[in-house]
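A.B. asks: kindly generate the corresponding structure for this input.
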Amino acid sequence: MIKLTWALVAEHVDEWTGDDAAQGAAVLEARVGTSVEASGMKPEAVQHWRTTS
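C.D. replies: Okay, the predicted model is just below:
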């Protein structure tokens, strides 16, 4: 069993639990990506984050 937990500044804590590391990574990327895109950052900054993180 794998458990991922993360916290984003000025956002919230979230977690995922499961057996598939690839699925966990996809969930992490999607949920954090959604928060980054909704953060009010300039589109260029969001793109930079997506390509360098």
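A.B. asks: what average pLDDT does the host helix or strand of residue 23 get?
C.D. replies: Following DSSP states H and E, one finds residue 23 within helix 21-37. Averaging pLDDT along helix 21-37 gives 90.
A.B. asks: packing partners of that helix?
C.D. replies: Helix 21-37 sits against strand 2-7, strand 13-18, helix 43-52, with contacts defined as 3 or more C-beta pairs under 8 Å, 6 or more residues apart in numbering; DSSP states H and E. In this view, the C-beta of every residue, glycine as well, is placed from N, C-alpha and C.
A.B. asks: contact partners of that helix?
C.D. replies: Helix 21-37 is contacted by residues 2, 4, 6, 8, 11, 14, 16, 18, 46, 49-50 when judged by C-beta atoms under 8 Å, 6 or more residues apart in numbering.
A.B. asks: could you give the angle of that helix to strand 13-18?
C.D. replies: For helix 21-37 against strand 13-18, the angle by axes from the mean of the first three to the mean of the last three C-alpha atoms, to 10 degrees is 160 degrees.
A.B. asks: ok, now how distant is residue 16 from residue 25?
C.D. replies: 9 Å (C-beta to C-beta, to the nearest Å).
A.B. asks: would you reformat the contacts of helix 21-37 as CSV and include distance to residue 32, neighbour count and pLDDT?
C.D. replies: Shown next, in CSV, are the contacts of helix 21-37 (distance: C-beta to C-beta, whole Å; neighbours: other C-beta atoms under 10 Å; pLDDT from 0 to 100):
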residue, distance to residue 32, neighbour count, pLDDT
2, 17, 12, 94
4, 10, 15, 92
6, 7, 14, 88
8, 7, 13, 83
11, 9, 14, 73
14, 8, 15, 91
16, 11, 16, 94
18, 17, 12, 96
46, 12, 16, 89
49, 9, 15, 85
50, 10, 12, 85
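A.B. asks: if we can go back for a sec, got the helices and strands packed on helix 21-37 as JSON lines, with distance to residue 33 columns?
C.D. replies: Listed next are the helices and strands packed on helix 21-37 as JSON lines, based on distance: least, C-beta to C-beta, whole Å:
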{"stretch": "strand 2-7", "distance to residue 33": "12"}
{"stretch": "strand 13-18", "distance to residue 33": "12"}
{"stretch": "helix 43-52", "distance to residue 33": "7"}
